[in-house]
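K.L.:
here is a sequence together with a model predicted from it:
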Protein chains: 2
Amino acid sequence: MTDAPAAPSDRTAPAAYPIAPLIASRWSPRSFLDREVPEEALKRLLEAARWAPSCYNAQPWHYVIARRHREPEAFAALLDCLSTGNRSWCALAPVLMIAVARTDFPQNGSPNRHAWYDTGAASALLALQAAAMGLQAHQMAGFDPGKAREALAIPEGYDPVTAIALGQPGSPDALAEPYRTRETSPRIRRPIEEFGFLGRWGEVF
Amino acid sequence: MTDAPAAPSDRTAPAAYPIAPLIASRWSPRSFLDREVPEEALKRLLEAARWAPSCYNAQPWHYVIARRHREPEAFAALLDCLSTGNRSWCALAPVLMIAVARTDFPQNGSPNRHAWYDTGAASALLALQAAAMGLQAHQMAGFDPGKAREALAIPEGYDPVTAIALGQPGSPDALAEPYRTRETSPRIRRPIEEFGFLGRWGEVF
């Protein structure tokens, strides 16, 4: 056996209108190759997140990162925060992260209504930068925020928002069911007519 | 006078580590050329947003769009929802939008904790797609959500989250102060050491 399984099937988004290739190339795998993500690559991921826009430029996003081979204790602690289903396939991901949002404005301590929204933007850019480097990020809501706070020493005033698995996509065959099938099943989204309106709610283009 | 003012200065993000050119090219202008954004371009923007990842694939994002010349009443109503400062420069934007998040899961009606986070991701992709087409989007927290709900008939259960101005960037000289100066002042972000941690909160790379 070598570490060169069959490449995953083409997961490019089947876009109904032309979109930037980088955007179409992002997807959320569950199977990852056992290949380390170099520190330089992690810095480039953070750098991409860094340039997200944010309300009053508050930049509420934070990321706590653990690599399976380099920070094994933190990786195990982070893995232990995940839901049972996510834990099963994340155990072999090269990198796990928690995205964290600061809930007030550093400038004056008042609540930041857009802390999660802006952190979502930063994580989207992180995921696109991953795709640009041949990696992919899989974001998850299925984790225990309280456990993550304790395991990673996340202070009060900061919300653990999502867990992220990251690495180079691997073969679907490395996954157990039902994940193996999901890894190659069609990518589905609502058509733009259901969420894009012109002039007034419900007015379709 | 022609409609071809000086190109805006180079606003490419001064990235400390190499990032995808598309990500570096996104910025938030206040000056826009008086050029219509074709319907096809609006559909491509929505299409990019469409391929964002979301919790349980709930796709909570929605966009209500008004073009200054095509939907002038809706544009005026949307402009009227903005804070005074934003209204001054948005009056000349070719397109205004409101990003809206559905706050529960369509599948079962339970609250979607990640509605704003996922809508932030979708808007980030929309903004990148704009940049890919020579447009730019400027997202704003400074608007009145209640007024927007009323003006655009946004139903209960959906949060008006951000306003967005969009178009082809124009000359800073078209802006009054303090916006003219802001349009060309250096782009600032916290360094990655302040928000990216390895293994534990506060542990810098």
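P.N.:
Received it, and whenever you're ready, just let me know what you need.
K.L.:
the helices in chain A, which residues?
P.N.:
A:21-25, A:39-50, A:72-81, A:84-90, A:115-132, A:145-152, A:179-184 (DSSP state H).
K.L.:
show me the contacts for residue A:147.
P.N.:
If you count contacts by C-beta atoms under 8 Å, 6 or more residues apart in numbering or on different chains, residue A:147 has them with A:80, A:81. C-beta here means a position set from N, CA and C on the backbone, and glycine is covered the same way.
K.L.:
could you do the one 4 residues further on as well?
P.N.:
Applying C-beta under 8 Å, 6+ apart, we find residue A:151 in contact with A:74, A:77, A:78, A:80, A:81.
K.L.:
out of the helices of chain A, which is closest to residue B:187?
P.N.:
Nearest to residue B:187 among the helices of chain A is helix A:39-50 (10.6 Å), distances taken as C-beta to C-beta.
K.L.:
closest point of chain A to chain B, which residue?
P.N.:
With C-beta to the nearest C-beta as the measure, residue A:120 is the residue of chain A nearest to chain B, at 3.0 Å.
K.L.:
ok, and the closest non-adjacent residue to that residue?
P.N.:
Leaving out its chain neighbours, the residue that sits closest to residue A:120 by C-beta to C-beta, 6 or more residues apart in numbering or on different chains is residue B:120, at 3.0 Å.
K.L.:
what do you get for residue A:14?
P.N.:
residue A:187 (6.6 Å).
K.L.:
how about residue A:164?
P.N.:
Residue A:164 sits nearest to residue A:97 (C-beta to C-beta, 6+ apart), 4.2 Å away.
K.L.:
residues near the one you found, how many?
P.N.:
27 (other C-beta atoms under 10 Å in any protein chain shown).
K.L.:
identify the bridge partners of it.
P.N.:
residue A:65, residue A:164 (DSSP bridges).
K.L.:
give me the neighbour count for the residue nearest to residue A:120.
P.N.:
33.
K.L.:
do the same with the one 3 residues further on
P.N.:
Around residue B:123 sit 30 other residues, with neighbours defined as other C-beta under 10 Å.
K.L.:
how near is it to residue A:195?
P.N.:
Counting by C-beta to C-beta, to the nearest Å, the separation of residue B:123 from residue A:195 is 12 Å.
K.L.:
now do the shared contacts for these two.
P.N.:
B:49, B:61.
K.L.:
flag the shaky bits of chain A, pLDDT-wise.
P.N.:
A:1-8 (pLDDT under 70).
K.L.:
in it, which residue is closest to the centre?
P.N.:
Taking C-alpha atoms, centre = their mean, the centroid of chain A lies closest to residue A:139, which sits 3.2 Å from it.
K.L.:
show the contacting residues for that residue.
P.N.:
A:28, A:99, A:123, A:127, A:162, A:163, A:164, B:53.
K.L.:
contacting residues for the residue of chain A closest to chain B?
P.N.:
B:114, B:116, B:117, B:118, B:119, B:120, B:121, B:124.
K.L.:
next one: the spatially closest residue to residue A:11 that is not a sequence neighbour from residue A:74, what distance?
P.N.:
Leaving aside its chain neighbours, residue A:11 sits nearest to residue A:27 (4.1 Å; criterion: C-beta to C-beta, 6+ apart). Relative to residue A:74, residue A:27 is positioned 26 Å away (C-beta to C-beta).
K.L.:
how about residue A:11?
P.N.:
Residue A:11 is 29 Å from residue A:74, by C-beta to C-beta.
K.L.:
and these two? which has more neighbours close in?
P.N.:
Regarding residue A:11 and residue A:74, a neighbour count based on other C-beta under 10 Å identifies residue A:74 as having more, with 22 against 17.
K.L.:
hmm, that one is touching residue B:200, no?
P.N.:
Yes - Residue A:74 sits in contact with residue B:200 when judged by C-beta atoms under 8 Å, with a separation of 6.3 Å.
K.L.:
I appreciate the help and will end here.
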